[in-house]
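*Asks:* attaching a predicted model along with its sequence, questions to come.
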Amino acid sequence: MPKGKQKKEDIFAQYDPIEEALQEGINPEEYIIGTYLVQLGPRMDAAYLGRAAACEQSTGTWVPVPANTPELRSKFGAKVLGIYEVPSYEFEIPKGVDERNYIYQIAFPSLNQTNQIGLMLTATIGNISMGGKLKLLDLRFPKEWIKNFKGPKFGIEGLRKILKVPQRPFLNNMIKPCSGWTPKVGAQLFYSAALGGCDVVKDDELIADMDYNKIVDRVPLMMEAVDKVRDETGEQTLYTVNITDNLTKLRNNALAVQDVGGNALMLNYLVVGFPALRMLAEDPEIKLPILAHMDFAGAFYESPYSGVSSFLIMGKLARLAGADIVVYPAPYGKAPFLKEKYLGIAKAHRYRMHHLKPTLPMPSGGITPGMVLRVMQDLGNDMMIGSGGGIHAHPNGPVAGARAFRQAIDIGMKDLNTAIEDFEDYVEDHEEDYPELAQAMEKWGVADTRF
């Protein structure tokens, strides 16, 4: 190495503490960068705690040990890139301030994470998740690290090809009631929803491979209904059967569905883990699209001060693990959810993310036909509308319930901007063209858009 260059590096070395760096002082392609919300007492040392967190989540221990050398810490240690207070006090802390809010950015060497989600989450939100008011908001993945992930096997375009739906939003139905039904009853409910126009019919998250309703018993009956509907309407339907189980049975369940003619899978991905979803999505022998269900997500994101953001849990990480479709809450359904969060998750599903295919967002939870135009206005056409009771509880039954949704989608495709101004009046004026939708609107009305 030339003498002049060595001298220049020595000059910088004396100013660079191992656990800190400027954004420009690292190669971002060698680090996974976490962004956090941190709340501290008014006199706590934010910089010290940031360095402690970086150390704890990479090479550190609670007490110095001889093997944790400066050389090792420099290569394998995490680095605090920035600490930003909101509001940004400069010359004094006002009286009455009991807590101060900070945005931390910490860079974790990607060579520590290999190519697995579990160890990556251990590093970025492991022990520090138990350290008080700290919430992981986002993760930035370098291209070199993410290239080892295959992501969704089908994605939005693949689903459009399977279902032969080139432009409009998709429609999903959850079989209701949630559980307790037999395969024969489920097949009839499936047939009714599919006949009315549902593109995908899924199991509820509360039913999987039950003693009274085995996967291998119900899938053939559902596929008979798929064939019958295709013969009658010309439309294809996917049945996403819930294969959630003990880890040792997941792959066998997926292959069993495939062997008896099933055409799609569903997984309660958060209760079995992101690595389990990835295992299924990247298995070359499993050739079916996967719908990932959101249950258990609130345990991660609902606290505003701790946990992991919904943007990651139901958005970016689900796509990274390979979900083709992700169910998540709509802001005007039955679950409280901020509209900006719901829009952000759809961005995580569909915006460019290195080589990963876009995932299909599926807002769900208490959606009725009167809400369809709002969803279309918010998310466009590359999404799936999920409804359970909004279809099965239609005054004239699930066939009419599904037709009501398809009629609302048709209006959105033809006349979204005009119809959305006063959807109830629009439907009333066109009741002869959309009778099932008119009945649904009379029962439920339109969306509450206050959230």
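*Replies:* Right, received. Where do you want to start?
*Asks:* contacts, neighbours, all on C-alpha from now
*Replies:* Will do.
*Asks:* can you tell me the closest non-neighbouring residue to Pro358?
*Replies:* Once flanking residues are discounted, Pro358 sits nearest to Arg350: 4.5 Å by CA to CA, 6 or more residues apart in numbering.
*Asks:* count residues in the vicinity of the one you found, would you?
*Replies:* For Arg350, the count of nearby residues is 21 (other CA atoms under 10 Å).
*Asks:* okay but it is in contact with Leu360, surely?
*Replies:* Yes. Using CA atoms under 8 Å, Arg350 is in contact with Leu360, at 7.3 Å.
*Asks:* related to what we said a few turns ago, got the confidence number for the residue nearest to Pro358?
*Replies:* According to the prediction, Arg350 has pLDDT 98.
*Asks:* how many other residues sit next to Ile286?
*Replies:* If you count neighbours by other CA under 10 Å, Ile286 ends up with 19.
*Asks:* and it, that one's in a strand?
*Replies:* No. Per DSSP: H, G, I helix; E, B strand; the rest coil, Ile286 lies outside any strand segment and is coil.
*Asks:* list phi and psi for it.
*Replies:* Reported as degrees, to the nearest 10, the phi and psi values for Ile286 are phi -100, psi 110.
*Asks:* can you pull the contacts of Ile33?
*Replies:* Shown in contact with Ile33 (CA atoms under 8 Å, 6 or more residues apart in numbering): Gln105, Ile106, Ala107, Phe108, Leu139, Arg140, Phe141.
*Asks:* same question for Leu134.
*Replies:* Going by CA under 8 Å, 6+ apart, Leu134 touches Tyr36, Leu37, Val38, Gln39, Ile128, Tyr305, Ser306, Gly307.
*Asks:* go through the lengthiest helix in the chain and flag the buried ones.
*Replies:* Assignment by DSSP state H gives helix 398-419 as the longest helix of the chain. Within helix 398-419, the residues scored as buried using 16 or more other CA atoms under 10 Å are 398-413, 416, 419.
*Asks:* likewise stretch 199-210?
*Replies:* Going by neighbour count (16+ other CA under 10 Å), the buried part of stretch 199-210 is Asp199, Val200, Val201, Lys202, Asp203, Asp204, Glu205, Ile207, Ala208, Asp209.
*Asks:* would you mind measuring from Leu136 to Ile409?
*Replies:* Between Leu136 and Ile409 the distance is 36 Å, computed by CA to CA, to the nearest Å.
*Asks:* could you pull out the helices for the stretch 251-400 of the chain?
*Replies:* 269-272, 274-282, 298-301, 310, 317-321, 339-350, 372-379, 389-392, 398-419 (DSSP state H, counting those that start in this stretch).
*Asks:* could you dump those helices into JSON lines with distance to Lys147 added?
*Replies:* Converted to JSON lines, the helices of the stretch 251-400 of the chain look like this (distance: least, CA to CA, whole Å):
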{"stretch": "helix 269-272", "distance to Lys147": "22"}
{"stretch": "helix 274-282", "distance to Lys147": "13"}
{"stretch": "helix 298-301", "distance to Lys147": "26"}
{"stretch": "helix 310", "distance to Lys147": "24"}
{"stretch": "helix 317-321", "distance to Lys147": "10"}
{"stretch": "helix 339-350", "distance to Lys147": "17"}
{"stretch": "helix 372-379", "distance to Lys147": "28"}
{"stretch": "helix 389-392", "distance to Lys147": "41"}
{"stretch": "helix 398-419", "distance to Lys147": "37"}
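*Asks:* closest to Ile117 out of the ones you listed?
*Replies:* Ile117 sits nearest to helix 274-282 of all those, at 6.4 Å, using CA to CA.
*Asks:* rewinding a little: next, show the common contact partners of Arg350 and Leu360.
*Replies:* By CA under 8 Å, 6+ apart, no residue touches both Arg350 and Leu360.
*Asks:* what's the burial count for the residue lying closest to Arg160 once chain neighbours are set aside?
*Replies:* Leaving out its chain neighbours, the residue that sits closest to Arg160 by CA to CA, 6+ apart is Pro166, at 5.8 Å. Counted with other CA under 10 Å, the neighbours of Pro166 add up to 12.
*Asks:* quick check: Pro166 vs Gly25, distance?
*Replies:* Using CA to CA, Pro166 is found at 47 Å from Gly25.
*Asks:* okay then, goodbye and thanks.
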